[in-house]
Each structure stands twice: as structure tokens, then as C-alpha cells.
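Novice: pasting the sequence and the predicted coordinates here, then a few questions.
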Amino acid sequence: MKTRISKILYEKGWTEMELSRRTGLAQSYINRVKNSRIVPTVRTALKICEALEVPVEEAFVYEEKPYGVTRKAYFPGRPGGGRRDR
């Protein structure tokens, strides 16, 4: 899941620490959410959006591809890298 938290923080003139103070969440956690390293729970996403005074749809962008999958699996010695039929 991608976020627009950086843009919103910039527009408000806030830092991650200010958002941390307003939400009660750790600044390191805010940073990981902002940089799409982790996906927050619905409750936490709502808490962040409430503090930012924006709707969830403005702060978070859903992606269809599975989280963290960036490349195909590698199977050496197999044509096409796929699985063999038995």
C-alpha cells in the first residue's frame, strides 16, 4: 500500500514527530508507514488520518499486487523458471 503522508505533512508544515505527538504513535512507526515499509491496521490508519484531518482515501492508495512481491521466483535449471508438471 502506498501513502501520500509525506505530501500531506509537507503541505501542513508538519514533521513526522508532530504527527507522532498528535497520534500517540512512535515516530519510527510513522516513518515506516510513510515509506510503505509496513501496512497499518485500519484503526491505526484512521488515527493517522484523523490527526492529519484528511479522508483515508487521500492518505492511502491501495495496490492490487501482493505486498512486498517485486519479482518472479527463481528456479535454476528449469525452462521459463516455472514448475515442472509431473
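Specialist: It's in.

Novice: okay, now the unreliable bits of this protein?
Specialist: For the chain, residues meeting the criterion pLDDT under 70 lie at 64-86.

Novice: and the spatially most central residue of it, helix, strand or coil?
Specialist: For the chain, the residue nearest the mean C-alpha position is Ser36 (2.9 Å; C-alpha atoms, centre = their mean). Of the three states, Ser36 takes coil according to DSSP: H, G, I helix; E, B strand; the rest coil.

Novice: who's in contact with it?
Specialist: By C-beta atoms under 8 Å, 6 or more residues apart in numbering, the contact set of Ser36 is Met1, Lys2, Thr3. To be clear about C-beta, it is placed using only N, CA and C from the backbone, and glycine gets the same treatment.

Novice: break down the protein into its helices, ranges please.
Specialist: 5-12, 16-23, 27-34, 42-52, 56-59 (DSSP state H).

Novice: okay if I get these as a markdown table plus mean neighbour count?
Specialist: A markdown table is the format used below for those (neighbours: other C-beta atoms under 10 Å):
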| stretch | mean neighbour count |
| --- | --- |
| helix 5-12 | 14 |
| helix 16-23 | 16 |
| helix 27-34 | 17 |
| helix 42-52 | 16 |
| helix 56-59 | 14 |
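
Novice: hmm, back to that, distance of the residue nearest to the centre of the chain from Glu57?
Specialist: 16 Å (C-beta to C-beta, to the nearest Å).

Novice: same check on Arg32?
Specialist: Using C-beta to C-beta, we find Arg32 at a distance of 21 Å from Glu57.

Novice: sorry, back to before: which of the contacts of Ser36 tops the neighbour count?
Specialist: Thr3 (18 neighbours; other C-beta atoms under 10 Å).
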